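> Dropping the sequence and predicted coords here.
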Amino acid sequence: MKKILKYVFYDIIRNKIVVAYTLFLLMLSIGLFNFGGNPDKAILSLLNLVLLTVPLISIVFATTHFYNSYEFMELLVAQPINRKKIFLSEYLGVACSLSGAFILGVGVPVVLFGASLTGLYLLVTGVFITFIFVAMAFLASVITRDKAKGIGIALLLWFYFALIYDGIVLFILYSFSDYPLENTTLALTALNPIDLGRIIVLLNLDVSALMGYTGALYKSILGSLWGIGLAFGLLLVWVLVPYLSSRRIFSKRDL
């Protein structure tokens, strides 16, 4: 398993797309810190860009890599190697390499220009988002052997969590505005890893004061150390559910 993981990891970090992804994040982060003035404002701007680009790059790259590695995985399956170990090696290879690119591209500028607890939360959230959307990419890939359909499903997942979900939540809040929906809003946030990551960082920036009573509710529940642990625990669940589901399908399907 270690040899497979090492091979996949080193193969991906030499990929031109991953190198370009790292440089893009690096230049973007340095630019925001240099022109943003206040480090907190730069982190806030960086958060919005990270929560849009990191899931997209992670899910598209991981889906494409899975289909391109199909023959390699078929070769490994023909060997006396457990399928679950093959799948885990592929998953960790992709997720760790993309997380490394994110940490290098965003983490270095954050440490140099805005080292703080908020910056740490941003980095941890970005790594979780990477692992989550790589897991979703693998789930989309094992559902169908058609590469075009797999990439289409992956893009729909990103589009739903990044854009459509917020519209649905706003529609619900507007339609039932006469009812107390604070607890419902909190539950709806937990159903979207991107929104959950955004709330974790925003609460540490004290932007919750601009979010009204709902922001105060977020602050009271997720603002403590226990609450932050709960939030990251929910993100871990978001990693495990699609990963375990995709691994189960991969283990049973006929390659």
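Here it is on my side, so go on.

> can you count the residues close to Leu188?
Leu188 has 17 neighbours, counted by other C-beta atoms under 10 Å. To be clear about C-beta, it is placed using only N, CA and C from the backbone, and glycine gets the same treatment.

> and it, what helix or strand is that in?
helix 182-190 (DSSP states H and E).

> Mind listing what's buried along that helix?
Across helix 182-190, burial judged by 16 or more other C-beta atoms under 10 Å covers 185, 188-190.

> Pick out the lowest-pLDDT one from those residues.
Minimum pLDDT across these is recorded for Thr185, with 72.

> Spatially, what comes nearest to Ala101 if we skip its sequence neighbours?
The spatial neighbour of Ala101 that comes closest, neighbours along the chain excluded (C-beta to C-beta, 6 or more residues apart in numbering), is Thr22 at 4.2 Å.

> ok, that neighbour to Lys16 distance?
According to C-beta to C-beta, to the nearest Å, Thr22 and Lys16 sit 11 Å apart.

> same question, Lys149
In terms of C-beta to C-beta, Lys149 sits 26 Å off from Lys16.

> Between the two, which has more neighbouring residues?
Each of Lys149 and Lys16 has its neighbours counted (other C-beta under 10 Å); Lys149 has more, 13 against 7.

> what about the stretch 101-250 of the chain, any weak spots by pLDDT?
177-183, 206-225 (pLDDT under 70).

> Could you give the average pLDDT over the helix or strand harbouring Tyr21?
Taking DSSP H and E as the criterion, Tyr21 maps to helix 16-36. Mean pLDDT, helix 16-36: 88.

> In the stretch 151-255 of the chain, what residue spans correspond to helices?
Ranges of helices within the stretch 151-255 of the chain are 165-175, 182-190, 193-204, 212-222, 225-252, based on DSSP state H, counting those that start in this stretch.

> Tell me the buried residues in the third one?
Of the residues in helix 193-204, those with enough neighbours to count as buried (16+ other C-beta under 10 Å) are 193-204.

> One more: the first one?
Buried positions in helix 165-175, judged by neighbour count with 16+ other C-beta under 10 Å: 165, 169.

> which helices and strands does that helix pack with?
Contact here means 3 or more C-beta pairs under 8 Å, 6 or more residues apart in numbering; DSSP states H and E; on that basis helix 165-175 packs against helix 182-190, helix 193-204.

> need these in JSON lines with distance to Gly227, can you?
Rendered in JSON lines, the data for the helices and strands packed on helix 165-175 read as follows (distance: least, C-beta to C-beta, whole Å):
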{"stretch": "helix 182-190", "distance to Gly227": "11"}
{"stretch": "helix 193-204", "distance to Gly227": "8"}
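
> And these: which comes nearest Pro39?
helix 193-204 (12.7 Å; C-beta to C-beta).

> Residues touching the helix holding Tyr21, excluding its own?
12, 39, 42, 45-46, 49, 53, 57, 61, 97-98, 101-102, 104-106, 108-110, 112-114 (C-beta atoms under 8 Å, 6 or more residues apart in numbering).

> from the middle of its chain, how far away would it be?
A distance of 18 Å separates the centroid of the chain from that of helix 16-36, by C-alpha atoms, centre = their mean, to the nearest Å.
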